[in-house]
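**Student:** Here is a sequence with its predicted model. Questions after.
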Amino acid sequence: MPIKAVLWDVDDTLFDYTTADRAGMRLHLAAEGLLDGYATVEDALAHWRRTTDAQWARFSAGEVTFEEQRRDRVRVFLARPELADAESDAWFARYLGHYEAAWALFPDVLPVLDALAASHRHAVLSNSSIHVQERKLRALGVRDRFETVLCAAELGVSKPEPRAFHAACEALELGPHEVAYVGDHPDIDARGAAEAGLLSVWIDRAGVHAGGRDGAGWRRIASLAELPAILRADTRFGAPSTFR
């Protein structure tokens, strides 16, 4: 059965989230006068990333809402648990101004979307919220490339749960075996999609792992330029598909 649609993660897959987040937070902390509390800028950015990862994990597990994880990121980062919602929201909004100024797609995104435009359908599955990702995709000029955008905050289930991937397949009216998923996280995206029965493709731009395919059932690529060849030959089961 040929792959008919590609389901995409957004942050650090299509959109260079890490670079934008680091650049935005660096400017924000300087503007807020908070860098003096750290030995180096890198220490401050590492603290923010650890805080973000921890609170995002709570959201993904269903322990807090999308808005609550944002507020808690601010409270934990500033070590101010008493901070009111309005103050947390205002602090985060000031950070967003710097962060959004640094938004950019990865250079390999538009070429691969152009290359696959006529042959495959496209949609988004993100662990964020529709409000955030719709706005982001429009600002980056690619929202019209995707039939639908599905996000954990509205679905009520997050990747790597199979239900999240299956909900996206149902929205496309396709079976999991007809859909490829492309994401940057080896567990949340790659393993999650593989276990849900999709053709799973892990985009590993940092080159942390060598080799084309992991034993857990997904393909690793270092650039999205490699994706069209994988879609032409579904190799989940160790041999090229006869479908073209």
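**Tutor:** The structure has been received and is ready for your questions. What you are looking at is a predicted structure, and each value in this text was computed from that prediction instead of being measured.

**Student:** Following the longest helix seen in the chain in sequence, what is the next regular element?
**Tutor:** As assigned by DSSP state H, the longest helix anywhere in the chain is helix 41-60. Later in the chain than helix 41-60, the nearest helix or strand by DSSP states H and E is helix 66-78.

**Student:** and the angle from that following helix to helix 41-60?
**Tutor:** Here helix 66-78 runs at an angle of 150 degrees relative to helix 41-60 (axes from the mean of the first three to the mean of the last three Cα atoms, to 10 degrees).

**Student:** ok, back up a step: by contact count, what packs against the longest helix of the chain?
**Tutor:** Packing contacts for helix 41-60, counted by 3 or more Cβ pairs under 8 Å, 6 or more residues apart in numbering; DSSP states H and E, involve helix 17-32, helix 66-78. Every residue, glycine included, has its C-beta placed from N, CA and C.

**Student:** so where is the protein shaky, pLDDT-wise?
**Tutor:** For the chain, the stretches with pLDDT under 70 are 1, 208-216, 234-244.

**Student:** Please enumerate the strands of it.
**Tutor:** Taking DSSP state E as the test, the strands found in the chain are 5-8, 121-126, 149-151, 179-183, 199-203, 213-214, 218-221.

**Student:** Residue ranges of each domain in the chain, please.
**Tutor:** Using automatic domain parsing, the domains assigned to the chain come out as 5-16+104-232, 17-101.

**Student:** what's the span of the longest one from first residue to last?
**Tutor:** So the one you mean is domain 5-16+104-232. 12 Å (Cα to Cα, to the nearest Å).

**Student:** Please compute how far that domain lies from its chain's middle.
**Tutor:** 8 Å (Cα atoms, centre = their mean, to the nearest Å).

**Student:** do the same with stretch 78-98
**Tutor:** For stretch 78-98, the distance to the chain centre is 23 Å (Cα atoms, centre = their mean).

**Student:** returning to that earlier point: just the domains of the chain: most buried one?
**Tutor:** Highest mean neighbour count of those: domain 5-16+104-232, a mean of 18 (counted as mean count of other Cβ atoms under 10 Å).

**Student:** circling back to that earlier point, now do the longest helix of the chain and helix 17-32, the angle between them.
**Tutor:** 120 degrees.

**Student:** and for helix 41-60, what are the contacting residues?
**Tutor:** If you take Cβ atoms under 8 Å, 6 or more residues apart in numbering as the criterion, helix 41-60 is touched by 21-22, 25-26, 29, 34-35, 37-38, 64-66, 68-70, 72-73, 76-77, 127, 152, 158-159, 188.

**Student:** can you rerun that using 7 Å?
**Tutor:** 22, 25-26, 29, 35, 38, 64, 66, 69, 72-73, 76-77, 127, 152, 158 (Cβ atoms under 7 Å, 6 or more residues apart in numbering).

**Student:** do stretch 98-107 as well
**Tutor:** 14-16, 19-21, 23-24, 27-28, 136, 139-140, 142.

**Student:** which among the residues you listed gets closest to E170?
**Tutor:** L14 (22.2 Å; Cβ to Cβ).

**Student:** What is the nearest of the contacts of helix 41-60 to S223?
**Tutor:** R22 (21.4 Å).

**Student:** Contacts only, for the closest one.
**Tutor:** Applying Cβ under 7 Å, 6+ apart to R22 gives the contacts L45.

**Student:** how much space between it and Y95?
**Tutor:** Using Cβ to Cβ, to the nearest Å, we find R22 at a distance of 12 Å from Y95.

**Student:** Also T65?
**Tutor:** 19 Å.
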